[in-house]
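1. build the 3D model from these lines:
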Amino acid sequence: MPLKIIFDNWVGYWTWNRHIESSMPLMVPAGWVRGRAYFTVHQDGLHYHEQGEWFTDNGLVYAIQRDYYYRYDPIQERILYWAVNPLGRIECLQVLTLQPAVAGSSEQQLSCQAVCGDDYYQATYTFPGNNLFTQFRLRYQVSGPKKAYCVTSYFYRCN
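-> The predicted structure is shown next:
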């Protein structure tokens with residue numbers, strides 16, 4: 001499946017559930033998050049906005065929100081994306097590429113590895129072959145001097 005088709009079909013509203021496993025709970029508490037998100041067309045790419053509630057294993061609850069921008073690069077067949085912090089500053093440019101299909105699997109995967117400050121991020125987006133545009137999974141593995149956690153998010157398209 002061409003990367004551009006995946007990119008174009010992100011547009012819309014999504015609900016999501018996220019599980020956070022942490023080896024350093026004082027820095028990043030383990031728990032789960034639920035929320036809503038949307039991808040909208042923005043200039044020459046997509047704007048992603050999410051908001052939700054983070055229920056930590058130690059009983060605390062946080063309201064969260066985050067913004068990202070995604071841009072499809074047809075020349076190099078990749079997706080660039082970056083976070084925007086609450087002050088409007090761009091953080092951590094990352095590059096997603098389509099991975100070769102695994103023999104016998106109908107799943108499509110995008111992945112990236114990136115260094116952001118002292119931390120290393122590895123992300124994998126997995127799209128099930130039979131529900132390519134109705135759901136997907138995003139898994140982040142993060143490691144660094146003050147971070148060691150894994151985040152798995154499940155996205156479901158809203159009707």
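
2. let me know the next secondary structure element after the helix or strand residue 79 falls within.
-> In the assignment (DSSP states H and E), residue 79 maps to strand 78-84. For strand 78-84, the following helix or strand on the C-terminal side (DSSP H and E) is strand 90-98.

3. what packs against that following strand?
-> Counting contacts by 3 or more Cβ pairs under 8 Å, 6 or more residues apart in numbering; DSSP states H and E, strand 90-98 packs against helix 3-8, strand 78-84, strand 108-116, strand 119-127. C-beta here means a position set from N, CA and C on the backbone, and glycine is covered the same way.

4. could I get the ones you listed as TSV with mean pLDDT, distance to residue 72 and mean neighbour count?
-> Supplementary listing: the helices and strands packed on strand 90-98 in TSV, determined by pLDDT from 0 to 100; distance: least, Cβ to Cβ, whole Å; neighbours: other Cβ atoms under 10 Å:
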stretch	mean pLDDT	distance to residue 72	mean neighbour count
helix 3-8	90	5	16
strand 78-84	89	6	18
strand 108-116	88	12	16
strand 119-127	91	14	17
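
5. how about those, which one is nearest residue 56?
-> Among the helices and strands packed on strand 90-98, strand 119-127 comes nearest to residue 56, with 20.0 Å by Cβ to Cβ.

6. neighbouring contacts of the lowest-mean-pLDDT helix or strand in the chain?
-> Lowest on mean pLDDT, DSSP states H and E among the helices and strands of the chain sits strand 90-98, with a mean of 81. Contacts with strand 90-98, where a contact means Cβ atoms under 8 Å, 6 or more residues apart in numbering, come from 3, 6, 77-85, 108-112, 114, 116, 121, 123, 125.

7. quick one: strands adjacent to it?
-> strand 78-84 (antiparallel), strand 108-116 (antiparallel) (DSSP bridges).
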